[in-house]
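Colleague: Kindly generate the corresponding structure for this input.
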Amino acid sequence: MTKKGSANGSFFGNFLYEQVLSQRPHFLKDLAQAVDFRFVAEHCKDFYVDWGRDPWDPVLMFKMVLLQFLYGLSDREMEEQAAFNLVYKWFLGLSAEEAPPDFSSLCRFRARLGADGFETLFSQVVEQARSRGFITDRLHIIDSTHISARVDLFRLKKEHKGKGGGDDDDHYVDRHSPDPDARFGRKSKKKSFYGYKAHKVEDADSEFIVRVRTTPGNVHDGTQLPVLIDGRAGEATGDKAYDSEANHTHLAAVGVVSGIIRRQPRPGRPRNSRRERPKIERKFSEGKNCHGLDKARYWGLAKVSIQSFMTAIVLNLKRLVKLTLAGGTVPQPA
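Modeller: Below is the predicted model:
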């Protein structure tokens with residue numbers, strides 16, 4: 001058994017919500033109408049086996065985590081908003097007078113599901129979009145973006161260089177860092193970072209993120225294409241970092257046309273798909289500017305992977321709501 005919100009059984013709560021929420025539009029109202037969140041309970045049940053006391057309903061807990069990433073809230077801020085924000089309480093299924101789970105419950109919920117659990121929920125959101133015909137799989141775009149670790153980078157670089165290393169040393173591990181899974185990587189030849197990479201695949205027509213993988217910052221982008229691109233796509237494109245014989249061979253083996261941008265010019269006309277590659281850069285920008293993907297919220301690869309999955313879920317749900325309100329039509333390429 002799990003503890004659920006009681007909004008549906010509270011006359012006072014329902015009356016108050018009807019009076020307040022009926023007066024103006026709100027994204028959470030559209031989201032609740034567009035998405036049936038009961039899939040969360042179904043796919044979380046294996047993570048709720050043999051727990052001594054009744055935990056909070058996983059749908060309620062997932063919605064709280066979703067609100068965190070949607071609006072950039074800490075665990076404590078989420079608890080406060082769930083207690084006093086009427087729209088949040090309504091979306092969570094709490095009555096107006098009901099207390100929400102405390103902030104420590106959010107930590108336990110994330111730990112209980114782990115990266116595997118959040119990957120499952122991410123995949124279910126993708127399948128909802130695919131079942132509605134939004135995802136065409138005509139063209140998949142692969143790329144990565146960096147996530148800066150939550151560390152004192154100035155001290156880290158000073159200590160590293162003091163040992164004779166450069167800040168792009170792939171093998172350097174700061175054993176005193178609170179985040180030993182993070183690694184140095186490069187955004188360009190002149191700019192480095194310390195942290196992780198979120199590798200993502202976007203469906204070009206619908207602009208849904210369909211695959212996600214998080215690695216330490218020193219992992220080369222090109223190594224992730226065989227992991228993330230399968231035979232579902234008709235064509236795949238990416239920048240020059242993915243141009244390798246191994247990747248072209250993989251795409252041919254799974255029956256996917258290669259639209260990877262080549263390092264060296266080749267005879268013939270370049271594929272038009274390369275013009276669509278900036279779509280994923282816009283998605284990364286949205287994730288960083290609006291949903292905190294620029295900096296790790298947690299320490300450790302497993303927890304940062306949860307952040308990557310949740311950011312992708314938020315971006316996908318926003319897109320799902322937009323396409324649903326637009327009548328379920330996906331813009332076609334020119």
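
Colleague: Show me this structure divided up by domain.
Modeller: By the assignment in automatic domain parsing, the chain contains the domains 7-113, 132-325.

Colleague: Adding distance to Val125 and mean neighbour count, write those domains out as CSV.
Modeller: The C-beta positions use only the backbone N, C-alpha and C, and glycine is treated the same way. As requested, the domains of the chain are exported to CSV (distance: least, Cβ to Cβ, whole Å; neighbours: other Cβ atoms under 10 Å):
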stretch, distance to Val125, mean neighbour count
domain 7-113, 8, 16
domain 132-325, 5, 18
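
Colleague: so who does Val126 touch?
Modeller: Ile135, Phe208, Ile209, Val210, Asn316 (Cβ atoms under 8 Å, 6 or more residues apart in numbering).

Colleague: Surely Thr145 is in a strand?
Modeller: Yes: counting by DSSP: H, G, I helix; E, B strand; the rest coil, Thr145 is found in a strand.

Colleague: In contact with the closest residue in space to it that isn't next to it in sequence: list those residues for me.
Modeller: Using Cβ to Cβ, 6 or more residues apart in numbering and skipping the chain neighbours, the partner closest in space to Thr145 is Phe284 (4.3 Å). For Phe284, the contact set (Cβ under 8 Å, 6+ apart) comprises Asp143, Thr145, Lys200, Leu293.

Colleague: I'd like those as CSV, with pLDDT appended.
Modeller: Below are the contacts of Phe284 laid out as CSV (pLDDT from 0 to 100):
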residue, pLDDT
Asp143, 97
Thr145, 97
Lys200, 98
Leu293, 97
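
Colleague: Out of those, which comes closest to Glu127?
Modeller: Taking Cβ to Cβ as the measure, Glu127 sits nearest to Lys200 out of the contacts of Phe284, at 16.9 Å.

Colleague: Where do the helices of the stretch 201-334 of the chain begin and end?
Modeller: Along the stretch 201-334 of the chain, the segments classed as helices by DSSP state H, counting those that start in this stretch run 225-228, 245-253, 278-291, 301-325.

Colleague: The helix or strand hosting Tyr194 pairs with which strands, parallel or anti?
Modeller: Here Tyr194, judged by DSSP states H and E, is contained in strand 192-203. In the sheet, strand 192-203 lines up against strand 139-148 (antiparallel), strand 183-186 (antiparallel), strand 209-216 (antiparallel) (DSSP bridges).

Colleague: how close does Asp152 get to Arg130?
Modeller: Distance, Asp152 to Arg130, using Cβ to Cβ, to the nearest Å: 43 Å.

Colleague: Tell me which helix or strand in the protein has the weakest average pLDDT.
Modeller: Every helix and strand of the chain was ranked by mean pLDDT, DSSP states H and E. The lowest is helix 153-162, at a mean of 65.

Colleague: Out of the helices of the stretch 201-334 of the chain, which is closest to Gln33?
Modeller: Using Cβ to Cβ, the helices of the stretch 201-334 of the chain put helix 301-325 closest to Gln33, at 7.9 Å.

Colleague: Quick check: which helices or strands does the closest one pack against?
Modeller: helix 27-34, helix 58-71, helix 103-131, strand 139-148, strand 192-203, strand 209-216, helix 278-291 (3 or more Cβ pairs under 8 Å, 6 or more residues apart in numbering; DSSP states H and E).

Colleague: Indicate which one of those is closest to Gly234.
Modeller: Proximity to Gly234 (Cβ to Cβ) singles out strand 139-148 among these, at 6.6 Å.

Colleague: Point out where this protein drops to low pLDDT.
Modeller: Counting by pLDDT under 70, the ranges of the chain that qualify are 1-15, 49-54, 155-176, 268-270, 328-334.

Colleague: quick one, what contacts Val256?
Modeller: Neighbours of Val256 in contact, by Cβ under 8 Å, 6+ apart: His140, Ile229, Asp230, Gly231, Ala233, Gly234, Glu235, Ala236.

Colleague: Please identify which pair of those lies farthest apart.
Modeller: Asp230 and Glu235 (12.9 Å).
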